[in-house]
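Peer 1: Sequence and predicted structure, then a few things I'm wondering about:
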Amino acid sequence: MHYQHNRTLALFYCQNVPGAGERERIGLEKEYGQCIRFYPIACSGRLEPVHLLSALENFADAAYLITCPEGMCRYFEGNLRAIKRVMRTQDIISGIGLEKERVGIITGSKEGPKTLAELAKEIFDKVLQMEPSPVLGKGERSYDYCATEAH
Amino acid sequence: MPEKYVIHTTTVPNRFRAISKSGIIAWEEGCLRCAICVKERCVYDVYYKRKLDSRQMIDSIDNLCMNCLRCVQGCPKELISKSVNPEFKEMGDDFFTPEIISRLWYQAETGKIPVSGAGYPGPFSGPGFDSMWTDMSEIVRPTRDGIHGREYISTAIDLGKTLGSLKFDQSGGLIGDIPLLVDIPLPILLKVPPFGAISDKTLLGWAMAAKRLGTFLAMKRDEVQKLPDQFRPWLLPVLEADLSDPAAIPRGVRIVEIPWSRKWDKTAKIIKDAFPSLLLCVDVAMMDGMEEKARAVAEAGADIIHLDAGAPDGGKDTKACDARAYDPRRVKDAIRSVHMELVAANIRDGVTLVASGGFAMAEHVAKGMLCGADAVMAEFQLLISLQCRMCRRCTTGLSCPMDIQDASSKWVAGRVVNLFGAWHNQLIEVMGAMGIRDARRLRGEVGRAMFYEDLDKAVFGSLGSAAEGFELE
């Protein structure tokens, strides 16, 4: 495992992003450990501000979304809608005093498509430049467990 | 008639939200703000009950949605659509498909038989057990009060040798010894899987389940030592092929297994000399030459043959595990082949044949037995019942996304009992529909089954065959 930084990135990505299969994901998980949490989604347009905010609230210093290139969305407008939602989330977090850069969106390129691994590295390098999230404080990063108490 | 065997099940909830097959994509932009939104009319209230699990980032609408598609069809601006969940598609492998895994999860949670409800939409034949149909002629006369009603259908089987005939002396006394038999109420044995985030708590849970089910749990010799002595009668230690010291055999067990090797009979003799009351099981890998090995093992006096389609290295290597010793889709052919070899040698009753690998669903148990197995051994099902996705992260050193190692023994036992409780009910359903009242009679009863290959040959054989891709000019 290469990364031992005290930063956590929640990375949502459209399933159409190149190199987003399960094997590649396992390889990235080995490389980044708990530093990046990967969340494949059927369409980037499915993501709502609550997903990004929930990640920031519970464990992530930053939450990013990778979409397929414009015009390539299986649901026609999913990636376009995702841009608006991410912008709205940026407005929300700046309203509470957080940097807008903690939430972001990367739209894939038709001409020079980058793989999930390349984009993850780019984004995580950016996250490393940020201060730890003041939302999480110094305490242990928690999860909103919905698991039942049956165990 | 012995007491009726019933597996009592009770709901054991998931520890994590199950990964659902489909997800809802509902866009707000362009919403007409109808007086009564289709989301409010959802009969399952999935939008009203909506919650987000921030650890798994799973939206509860995906789990609660019953795929009635009313909202998708009803929204005047067509803002709602359904999609296939990419995480669902990535689960499992060619054999344990995402659909099979999700059905096993359901059975482990509820203990109930999964019902698709809308008819069977898939193809009527496929590879492996899917190319086999069981006789359902008796289904026209179903039991009057359900599978647990007045009619008695026994799923018990015997492990060990049975005598072909009894011989008596002049005074009517029995000549010779009656061989040792162990009967179990379910033709399914359990085996600790070769990989997985398995802790001592998990092992204990599986042992508790084996005891409650009345069957055996196969595990390595050193794992047996980790469990309390009270579970020994339900444990089946797998010993080393070159075992020389019988003192190493755990006390209190009733069956031991050794892997087949060129000197297996020497190890077997050491065991039998020290513990004559132990049943001896020999693990024969499902690969070329298995028929001769199985016959030789039976002729040499082993009580049980374990026909094993598991990974040859114990599954530690992912690639080797993917490429198992025998393709699970061909297990039915392997069982038939070994069974017929033993029948031809006239020693079939002299040995019990237990097959493992390739049994992903309850129907496979009945089909495996029709092909000639006396019982089957479940392995990865034990992990899947604990919400394992067969992602094999544990084999690469990554932590288990389902934290299986942290699950309590009680939860583990409950899940496994539920799964096999549901399988038991399905087995009774299948047997009832076939008109078979005793699982022992299932063995090799191919007259109660139809095979796609045979039918294809019988119906279209005279027409010859065409190469794949052949087109008429």
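Peer 2: Alright, I've got the coordinates.
Peer 1: host element of residue 25?
Peer 2: Chain wasn't specified; assuming chain A. In this assignment (DSSP states H and E), residue A:25 forms part of helix A:22-32.
Peer 1: Chain B was what I was after
Peer 2: If you go by DSSP H and E, residue B:25 is part of strand B:22-26.
Peer 1: circling back: enumerate residues external to the helix holding residue A:25 that contact any of its residues.
Peer 2: For helix A:22-32, contacts defined as Cβ atoms under 8 Å, 6 or more residues apart in numbering or on different chains pick out A:1-3, A:36, A:38, A:40, A:115-117, A:120, A:124, B:90, B:391, B:393, B:396-398. (Each C-beta comes from the backbone N, C-alpha and C, glycine too.)
Peer 1: For it, output the C-alpha coordinates as PDB.
Peer 2: Output of helix A:22-32 as PDB, limited to C-alpha atoms (Å, rounded to 0.1, in the frame of the first residue of the first chain):
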ATOM      1  CA  GLU A  22     -14.100  -4.700 -10.400                       C
ATOM      2  CA  ARG A  23     -10.600  -5.900 -10.900                       C
ATOM      3  CA  GLU A  24      -9.200  -2.400 -11.500                       C
ATOM      4  CA  ARG A  25     -11.100  -1.200  -8.500                       C
ATOM      5  CA  ILE A  26      -9.500  -3.900  -6.300                       C
ATOM      6  CA  GLY A  27      -6.100  -2.900  -7.600                       C
ATOM      7  CA  LEU A  28      -6.800   0.800  -6.700                       C
ATOM      8  CA  GLU A  29      -8.100  -0.200  -3.300                       C
ATOM      9  CA  LYS A  30      -4.800  -2.000  -2.700                       C
ATOM     10  CA  GLU A  31      -2.900   1.000  -3.700                       C
ATOM     11  CA  TYR A  32      -4.800   3.600  -1.800                       C
END
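Peer 1: List the buried residues for that helix?
Peer 2: A:22, A:24, A:25, A:26, A:28, A:29, A:31, A:32 (16 or more other Cβ atoms under 10 Å in any protein chain shown).
Peer 1: Report the rounded mean pLDDT for that helix.
Peer 2: What helix A:22-32 shows for mean pLDDT is 91.
Peer 1: which phi and psi does the residue nearest to residue B:250 when sequence neighbours are not counted have?
Peer 2: Once flanking residues are discounted, residue B:250 sits nearest to residue B:224: 4.6 Å by Cβ to Cβ, 6 or more residues apart in numbering or on different chains. When read as degrees, to the nearest 10, the backbone of residue B:224 gives phi -60, psi -40.
Peer 1: swap in residue B:300?
Peer 2: Here is the backbone geometry of residue B:300 (degrees, to the nearest 10): phi -80, psi -10.
Peer 1: The one 5 residues further on too?
Peer 2: Backbone dihedrals for residue B:305, given as degrees, to the nearest 10, come out at phi -110, psi 130.
Peer 1: Give me the distance between it and residue B:423.
Peer 2: According to Cβ to Cβ, to the nearest Å, residue B:305 stands 23 Å off from residue B:423.
Peer 1: likewise residue A:90?
Peer 2: Separation of residue A:90 from residue B:423 (Cβ to Cβ): 52 Å.
Peer 1: quick one: the helices in the chain?
Peer 2: I went with chain A, as the question did not name one. Counting by DSSP state H, chain A has helices at residues A:22-32, A:49-58, A:78-95, A:116-128.
Peer 1: that's the wrong chain, I wanted chain B
Peer 2: Remark: helices assigned in chain B by DSSP H are B:60-64, B:70-74, B:86-89, B:98-110, B:200-213, B:221-224, B:264-274, B:290-299, B:318-322, B:331-344, B:362-371, B:380-384, B:409-434, B:452-460.
Peer 1: Indicate which one of those is closest to residue A:131.
Peer 2: Ranking the helices of chain B by their distance to residue A:131 (criterion: Cβ to Cβ) puts helix B:86-89 first, at 31.8 Å.
Peer 1: Kindly reformat the helices of chain A as CSV containing distance to residue B:35.
Peer 2: Shown next, in CSV, are the helices of chain A (distance: least, Cβ to Cβ, whole Å):
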stretch, distance to residue B:35
helix A:22-32, 44
helix A:49-58, 25
helix A:78-95, 25
helix A:116-128, 43
